[in-house]
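Engineer: Requesting a structural model of the entry that follows:
(one chain, ligands or ions: 1)
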Amino acid sequence: MLTVSEFESVKAIKGTFKLAGVRMNVYLYLIDGLLIDSGPSRLQKEIVDYLSNEIYHQLIFTHHHEDHTGNAAVLPGNVPMYIHPSGIPLCKRKPHLPFYRRLFWGSRKPFTPEGIDQQIKTRDHTFELLHTPGHASDHLTLLEKDQGWLFSGDLYVMSHPKSIFAFESIPDVIASLEKVLTCEFKTVFCSHAGILPNGRKRLKEKLDYLQSIQGQVLAKFNDGKPIATIQKEMFPTRHPLNYFSLFENSSRHIVTSIIKKEGSR
Ligand SMILES: [Zn+2]
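Structural biologist: Model (predicted):
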């Protein structure tokens, strides 16, 4: 199901569905002829139908994941599509997704976007592009300085994650949050949490939380505790997604990504 709302001059296109009792939200944003992300193929019909009545001249992806690029191959081919250059080879091939992700979002067909990494302009706006890896290697955040808008893709999602995906890195997310927080902005447009009018505060909360987690993990590691013990002490509870994802999503990856980075210093 799609619902559309407006904030200032930004259209927020929200897709919602339920799976095994878990409610999933995903947001696309449309501003001044620029479409940000294309949504998951699971919502292909709704999204393609909706966009056929909208005008957009260019499309930018915050990153290559299937819930952001899932409909790229079925949207009109004459609209230029952009992604961070490191995402191009990932979009050109068919993704090998674990079963639960195909079930959640649907898969995505290969497509060939163009590389972009400095800025993207529309008639009335200039968006600075900030490379913000951590959730994905090609993750971009869009900053519109005059309006104080930050389109944050999956950099935020939630302020206190208790588990992450195997491909994510806590130290890289910390560095990316520090990077965006050196910029001026107020409103955050998140791909899953939606519009956060007090977004700057929420991003700062996440940064503080992750830095605190990082400090605790390293203190325990330096005391000689094994990874499994650190995980058990810090994150005693497991969540349905941990099992459902066969532990591609797990608190263990929080611990290992911090220790791995420390070891490479
Ligand atoms: Zn993602």
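Engineer: Can you tell me the closest non-neighbouring residue to the closest residue to the ion within the chain?
Structural biologist: Distances between the chain and the ion by Cβ to the ion are smallest at residue 65, namely 3.4 Å. C-beta coordinates here come from the backbone N, C-alpha and C atoms, glycine included. Among residues not flanking residue 65 along the chain, residue 136 sits closest, at 6.1 Å (Cβ to Cβ, 6 or more residues apart in numbering).
Engineer: what number of residues lie near the one you found?
Structural biologist: Under the neighbour criterion other Cβ atoms under 10 Å, residue 136 is assigned a count of 24.
Engineer: wait, what's in contact with it?
Structural biologist: Contacts for residue 136 were tallied using Cβ atoms under 8 Å, 6 or more residues apart in numbering; they are 63-65, 87, 154, 167.
Engineer: Assign a three-state SS to it, would you?
Structural biologist: coil (DSSP: H, G, I helix; E, B strand; the rest coil).
Engineer: Repeat that for residue 68.
Structural biologist: With three-state DSSP as the basis, residue 68 sits in helix.
Engineer: what's near enough to touch it?
Structural biologist: Contacts of residue 68 by Cβ under 8 Å, 6+ apart are 37-40, 61-62, 153-154, 191.
Engineer: Mark which of those are buried, thanks.
Structural biologist: With burial judged by 16 or more other Cβ atoms under 10 Å, the buried subset of these is 37-40, 61-62, 153-154, 191.
Engineer: Check the gap between the closest residue to residue 235 other than its chain neighbours and residue 263 for me.
Structural biologist: Setting aside the residues directly before and after it, residue 235 is nearest to residue 251 in space (Cβ to Cβ, 6+ apart), at 3.6 Å. From residue 251 across to residue 263, the span is 19 Å (Cβ to Cβ, to the nearest Å).
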